[in-house]
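Q: Take this sequence and fold it.
(chains A, B, C and D)
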2 protein chains.
Amino acid sequence: MNTSRTLPAKTENARSKLLDAAIALVRQQGFSATTVDQLCGMAGVTKGAFFHHFASKDALGAAAAEHWTATSSALFMEADYNRHEDPLDRYLGYLDFRDEIATGEVADFTCYAGTSLQECYGSSDAIRGAAYQSIAGHSARLAEDLDQAIAHYGAPEGVTGLSLGLHTQAVLQGAFILAKGQGSAAPVHDAIAHLRRYVLMLFNCENRMKEEGSLQ
Amino acid sequence: MNTSRTLPAKTENARSKLLDAAIALVRQQGFSATTVDQLCGMAGVTKGAFFHHFASKDALGAAAAEHWTATSSALFMEADYNRHEDPLDRYLGYLDFRDEIATGEVADFTCYAGTSLQECYGSSDAIRGAAYQSIAGHSARLAEDLDQAIAHYGAPEGVTGLSLGLHTQAVLQGAFILAKGQGSAAPVHDAIAHLRRYVLMLFNCENRMKEEGSLQ
DNA sequence: TACAACATACCGACTGGTTGGTATGTTGTA
DNA sequence: TACAACATACCAACCAGTCGGTATGTTGTA
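A: Take a look at the predicted model:
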């Protein structure tokens, strides 16, 4: 039992260390600017280990996108805001949570998927696909809450949960770009404030302000 | 007169050809993935010409951001929507114009500044600075109209012209990322629709719906 | 239980093509 | 003649990927 756990733990070590290193380095420098040697150095493994686990640098980039999906979706799933009964409260709680975690170094709160998607569009289909899958999946989970909110509170024509979920991601991704330009988290806080105001007006002001008390 | 125009025209030829090539290639492949030889090939010049005009590849990347600012600001300044008397109409006309030009190949309507800013954050200060300057300047011009609109129609506390201008850019930049993932312009149209609805509600619904007829 | 056959994880020196950059012409013009 | 605007030839560093080899399990079988 002990040993049967030891081997898989060790075999996953080099691999997951490389994935973690990829996420950290790519968020800081971009994918192309990150070398295999750098990745191995940060992960504390050798090139042999790298190419044992990944067929190519591109394959690592794509696998890191899936790793990113797994770790970040775990982070959001465990967060407190999911406990709200009201679906709109859950969505607004998500925005608050996003606002909270946007602190410190820019590279530490920006999105691996967005960064590599923008850079690797046109040079690697594998990475582009995996990165978009990450963002689309995240949007889809938001869409569940938003669809419930729309069913409950109503919304203008053409506004769907998925459309709002994707828009949420667009706003965040764009804010990350501005944050990189400015070197601070301020643009993220501003963008979230605007988005929050939009959604509040969408469900609150335009439609008949049902249950206003529960909406902040 | 003819000759005095010929020399600068020719001297600017290699340089501006390289700048155009940089914008085209970087939008498609990203900065790091684009080689100096590729740039020279597309521009139809040799490496000697390249390093005669630019001290380094990074310098070309930064100069291309300024070139991008110049060409794109000319495009928007000449557009018809600027003729509207109402500042809000000018802003909404800008959104419509953005919506119109988002067609065809994804790389043809995405933003050089946003792409290189995201990628070169952390690897080149010169490019990051020039790229952010491009986006910030564009936001500032939008902010002029938005400030006038706010003065005229009023707005909730904390909403300034610059804040809305930057948010507009954030939404567009984020939409470009989604467009790259999806390989189509649809996310851009969706994002603009949401942003348009937000601004309309901001000036229209929340505040006393002055001059409603002129607002679409 | 013992042992052969095989599999998995990892090491690190090496390579061959690529890349940013340089050094040295050449040409046209003032 | 002087100088700007190129072209040509070349280089040293770098980098993704390879390859032979080792160490540590795992499995099948007698």
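Q: From now on I want contacts and neighbour counts done on CA atoms only, so please keep to that.
A: Fine.
Q: following the one helix or strand in chain A whose mean pLDDT sits lowest, which helix or strand comes up?
A: One helix or strand of chain A scores below all others by mean pLDDT, DSSP states H and E: helix A:2-29, with a mean of 70. Going down the chain from helix A:2-29, the next helix or strand is helix A:36-43, by DSSP states H and E.
Q: Alpha carbons of stretch A:79-98, as CSV, please.
A: Below are the C-alpha coordinates for stretch A:79-98, written out as CSV (Å, rounded to 0.1, in the frame of the first residue of the first chain):
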residue,chain,number,x,y,z
ALA,A,79,-14.6,28.6,-3.0
ASP,A,80,-17.3,29.8,-0.6
TYR,A,81,-19.4,31.7,-3.0
ASN,A,82,-20.8,28.5,-4.4
ARG,A,83,-22.9,28.0,-1.3
HIS,A,84,-25.2,30.8,-2.0
GLU,A,85,-28.7,29.7,-2.8
ASP,A,86,-29.5,32.4,-5.3
PRO,A,87,-27.8,31.7,-8.7
LEU,A,88,-27.2,35.4,-9.2
ASP,A,89,-25.5,35.6,-5.8
ARG,A,90,-23.3,32.8,-6.9
TYR,A,91,-22.3,34.7,-10.0
LEU,A,92,-21.7,37.9,-8.2
GLY,A,93,-19.7,35.9,-5.6
TYR,A,94,-17.6,34.6,-8.4
LEU,A,95,-16.8,38.2,-9.5
ASP,A,96,-16.0,39.2,-5.9
PHE,A,97,-13.7,36.2,-5.7
ARG,A,98,-12.0,37.1,-8.9
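Q: what mean pLDDT would you report for it?
A: Stretch A:79-98 carries an average pLDDT of 97.
Q: That one close to chain B?
A: No. Applying C-alpha under 8 Å from any C-alpha of the partner chain, one finds stretch A:79-98 separated from chain B by no less than 15.7 Å.
Q: Buried residues in stretch A:139-148, which are they?
A: A:S139, A:A140, A:L142, A:A143, A:D145, A:L146, A:D147 (16 or more other C-alpha atoms under 10 Å in any protein chain shown).
Q: I'd like to know which elements the strand or helix carrying the fourth one is packed against.
A: With elements delineated by DSSP H and E, A:A143 resides in helix A:125-153, which encompasses its position. Contact analysis of helix A:125-153 by 3 or more C-alpha pairs under 8 Å, 6 or more residues apart in numbering or on different chains; DSSP states H and E lists helix A:57-78, helix A:87-101, helix A:112-120, helix A:161-182, helix B:161-182 as its packing neighbours.
Q: Mean neighbour count, those helices: which tops it?
A: Mean neighbour count (mean count of other C-alpha atoms under 10 Å in any protein chain shown) peaks for helix A:112-120 among the helices and strands packed on helix A:125-153, with a mean of 28.
Q: can you state the direction angle for that one and helix A:125-153?
A: Put simply, helix A:112-120 runs at 130 degrees to helix A:125-153, going by axes from the mean of the first three to the mean of the last three C-alpha atoms, to 10 degrees.
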